[in-house]
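1. Predicted model, plus sequence, below.
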Amino acid sequence: MKLAILSLIAGTAAAFAPSASVGRCETKVAAFENELGVINPTGFWDPCGLTENIDQATFDQYRTAELKHGRVAMLCTIGYIVPEFYRFPGVIASGVSFADIPNGVAAIDAIPPLGWFQMVFFIGAVDYWGFLGDFEVGKPKLSPEKLAKAQLQELQHGRLAMLATMELLRHDSQELVSPGFDGLPHLINGIPALYN
């Protein structure tokens, strides 16, 4: 027993002893450091090294994917919040109204197979055939500076929405596992009039 305690103490002390090897932090200048979306204080941030040894076409493909995921996340965030206070009239499948579907993660089990088929088919069709794509009507005529600012804002809003989506899913999943874990009755608690 004494040997186990002594070993534990020695091991703990060794964990806080100075290391002989010195770690180095290396800042690498990236080829894409002047692209849209590079802002202070992070600058060009690529912790996984995805942009090492790639060409401009591959970077543009990555940026397009980031923009698409950001747009989907913005829709997801709105789609997560709006059902807290508004439900569409009608049915999602025979005998199941929109009002019967719970919010968030709990809706996965409540949506019937026909409802899932409709959603997957529509999303797949939009993604594959490009419906809802690049519209010529409704594009604002902006100067290059204002257009670059608007594009940067869309990219940043998409990044924020991706984080918000992950947090909403985490919070809702934890609520399913441990109901009332945060002591709050609703997802949106700052505006009680929404639930009246």
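-> Perfect, thanks for sending it.
2. Report the contact partners of residue 38.
-> 32, 44 (CB atoms under 8 Å, 6 or more residues apart in numbering). C-beta: built from backbone N, CA, C; applies to glycine.
3. same thing but at 10 Å, please
-> 30, 32, 44, 45, 152 (CB atoms under 10 Å, 6 or more residues apart in numbering).
4. Next, work out how far apart the last one and residue 45 are.
-> When CB to CB, to the nearest Å is applied, the distance between residue 152 and residue 45 equals 15 Å.
5. sorry, back to before: mind checking which of the contacts of residue 38 are in helices?
-> In helices, defined here by DSSP state H, the members of these are residue 152.
6. Just put the contacts of residue 38 in TSV and tack on pLDDT and distance to residue 92.
-> TSV is the format used below for those (pLDDT from 0 to 100; distance: CB to CB, whole Å):
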residue	pLDDT	distance to residue 92
30	57	46
32	78	43
44	81	44
45	79	40
152	89	38
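7. got any ranges where this structure has weak pLDDT?
-> Scanning the chain for pLDDT under 70 picks out 1-30, 130-138, 189-190, 196.
8. residue ranges of the strands in it, please?
-> Secondary structure of the chain (DSSP state E): strands located at 91-93, 96-97.
9. Mean neighbour count for the ones you listed - can I get that in a markdown table?
-> Shown next, in a markdown table, are these (neighbours: other CB atoms under 10 Å):
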| stretch | mean neighbour count |
| --- | --- |
| strand 91-93 | 16 |
| strand 96-97 | 14 |
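10. In JSON lines: those, plus distance to residue 114.
-> Output for the strands of the chain, formatted as JSON lines (distance: least, CB to CB, whole Å):
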{"stretch": "strand 91-93", "distance to residue 114": "4"}
{"stretch": "strand 96-97", "distance to residue 114": "9"}
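11. Relative to residue 71, which of these is closest?
-> If you check each of these against residue 71 by CB to CB, strand 91-93 wins as the nearest, at 23.6 Å.
12. in its sheet, what does that closest one sit against?
-> strand 96-97 (antiparallel) (DSSP bridges).
13. who's in contact with the partner strand?
-> Outside strand 96-97, the residues that reach it (CB under 10 Å, 6+ apart) are 87, 88, 89, 90, 91, 110, 111, 112, 114, 115.
14. how far away is the second one from residue 79?
-> Shown here: residue 88 relative to residue 79, a distance of 11 Å by CB to CB.
15. And residue 56, by the same measure?
-> 34 Å.
16. just the helices in this structure please.
-> Under DSSP H, the chain gives helices at 2-15, 56-81, 107-110, 113-129, 144-177.
17. Tabulate the ones you listed in JSON lines, adding columns for mean neighbour count.
-> Formatted as JSON lines, the helices of the chain follow (neighbours: other CB under 10 Å):
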{"stretch": "helix 2-15", "mean neighbour count": "9"}
{"stretch": "helix 56-81", "mean neighbour count": "15"}
{"stretch": "helix 107-110", "mean neighbour count": "11"}
{"stretch": "helix 113-129", "mean neighbour count": "11"}
{"stretch": "helix 144-177", "mean neighbour count": "14"}
